[in-house]
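K.L.:
After the sequence you'll find the predicted model.
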Amino acid sequence: MLRGVVAMDGPSGTGKSTVSRRLARESSAAYLDTGAMYRAVTLAVLRAGLDPSSDEAEKVAVSAAADLRSVTDPSAPAVLLAGENVEAQIRGPEVTGAVSAVSARPAVREALVLHQRRLIDEGLVERGGIVVEGRDIGSVVVPDAPLKVYLTASEQVRAARRGAQDRKAGRSGDVEQVLADVRRRDQFDTTRKTSPLQVAEDATVLDTDNLSVDDVLYALLALAVERGLLR
């Protein structure tokens, strides 16, 4: 059983979501996908017909954050927007193309970081441990997390993985287009002024290029044992 917080950061396509859920299930912990929260408020912006980078979009996203609910069960994680389960809708290309612009807005990040910290506290009370994934978990959301991990992989490997995920879900999975999207989002996430994607100073970096999901999971379990977080 996991005790404490495991902060999982890294860009898209590194296997972060898959391995974070696996780790949470294996260790009877809660699981929080913070990226899904940003995607959900982005969906609210798109439904309102707004430019994702506009001031009005920021206001709508902050308002939507107040109606957001995240299910932290790793066996059936979900994000609900005003009571509606929007897990399927937030994974589409429209949201993927707009989420970086919405998530870069300072007021949106402030609102969701506060929400995320409340969910983390609840997960610790209910289960004793929680695995939290995103892009600023170790650096901003939980800077005192006892275990911080940053997953990385080459652009080509990440694009191939994302393309395979899209095709499996019935979405277009053109590798060249996905690669362009990966590069665009990397640029956006690493250069934004508020909470940019970065490696926390005390994070362990794992390159997943040549690692299977099981390989990464075993490495994470070993790190958790080393830090005294598993019993």
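P.N.:
On my side now, so go ahead. The model shown is predicted, which means the values in this text are computed figures rather than measured ones.
K.L.:
Please point out which parts of the helix or strand of the chain with the lowest mean pLDDT sit buried.
P.N.:
Within the chain, no helix or strand scores below helix 155-168, which has a mean of 82 by mean pLDDT, DSSP states H and E. Neighbour-count burial for helix 155-168, counted by 16 or more other CB atoms under 10 Å, picks out Val157, Arg158, Ala159, Ala160, Arg161, Arg162, Gly163, Gln165, Asp166. For the C-beta atoms, the positions are set from N, CA and C on the backbone; glycine is no exception.
K.L.:
Quick check, the first one in contact with Pro11.
P.N.:
No. The criterion here is CB atoms under 8 Å, and Val157 misses it with Pro11 at 11.2 Å.
K.L.:
State the distance spanning the first to the last residue of stretch 189-202.
P.N.:
End-to-end span of stretch 189-202 (CA to CA, to the nearest Å): 20 Å.
K.L.:
Against Arg184, how distant is Val79?
P.N.:
Distance, Val79 to Arg184, by CB to CB, to the nearest Å: 23 Å.
K.L.:
would you list every one of the strands in this protein?
P.N.:
For the chain, the strands defined by DSSP state E cover 4-9, 30-33, 68-71, 78-81, 84-85, 129-134, 147-152, 204-207.
K.L.:
could these be laid out in CSV, adding mean neighbour count?
P.N.:
Formatted as CSV, the strands of the chain follow (neighbours: other CB atoms under 10 Å):
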stretch, mean neighbour count
strand 4-9, 27
strand 30-33, 27
strand 68-71, 19
strand 78-81, 19
strand 84-85, 12
strand 129-134, 28
strand 147-152, 23
strand 204-207, 16
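K.L.:
residues touching the nearest residue to Ala66 once chain neighbours are set aside, list them.
P.N.:
Nearest residue to Ala66 in three dimensions, chain neighbours excluded: Ala111, at 7.6 Å (CB to CB, 6 or more residues apart in numbering). Contacts for Ala111 (CB atoms under 8 Å, 6 or more residues apart in numbering) come out as Ala61, Val62, Ala65, Ala66.
K.L.:
give me the number of residues near the last one?
P.N.:
Residues near Ala66, counting by other CB atoms under 10 Å, number 10.
K.L.:
Compute the inter-axis angle for the longest helix along the chain and strand 129-134.
P.N.:
Criterion DSSP state H: the longest helix present in the chain is helix 106-127. Angle between the axes of helix 106-127 and strand 129-134 is 160 degrees (criterion: axes from the mean of the first three to the mean of the last three CA atoms, to 10 degrees).
K.L.:
Quick check: Ala76 vs Val199, distance?
P.N.:
Distance of Ala76 to Val199, given as CB to CB: 31 Å.
K.L.:
more neighbours, these two?
P.N.:
Counted by other CB under 10 Å, Ala76 and Val199 do not tie: Val199 has more neighbours, with 15 against 9.
K.L.:
and the closest residue to Val102 other than its chain neighbours, what does it touch?
P.N.:
Of all residues not flanking Val102 in the chain, Thr42 sits nearest, at 4.4 Å (CB to CB, 6+ apart). Contacts for Thr42 (CB under 8 Å, 6+ apart) come out as Pro52, Ala61, Ile90, Val95, Ala98, Val99, Val102, Ser103.
K.L.:
Nearest to Gly4 among those?
P.N.:
Closest approach between those and Gly4, by CB to CB: Ser103, at 26.2 Å.
K.L.:
Ala36 is in contact with the closest one, correct?
P.N.:
No. Between Ser103 and Ala36 there is no contact under CB under 8 Å: 11.5 Å.
K.L.:
of the two, who's got more company?
P.N.:
Ser103 (27 against 20).
K.L.:
Name the member of the contacts of Ala111 with the most neighbours.
P.N.:
Ranking the contacts of Ala111 using other CB under 10 Å puts Ala61 first, with 27 neighbours.
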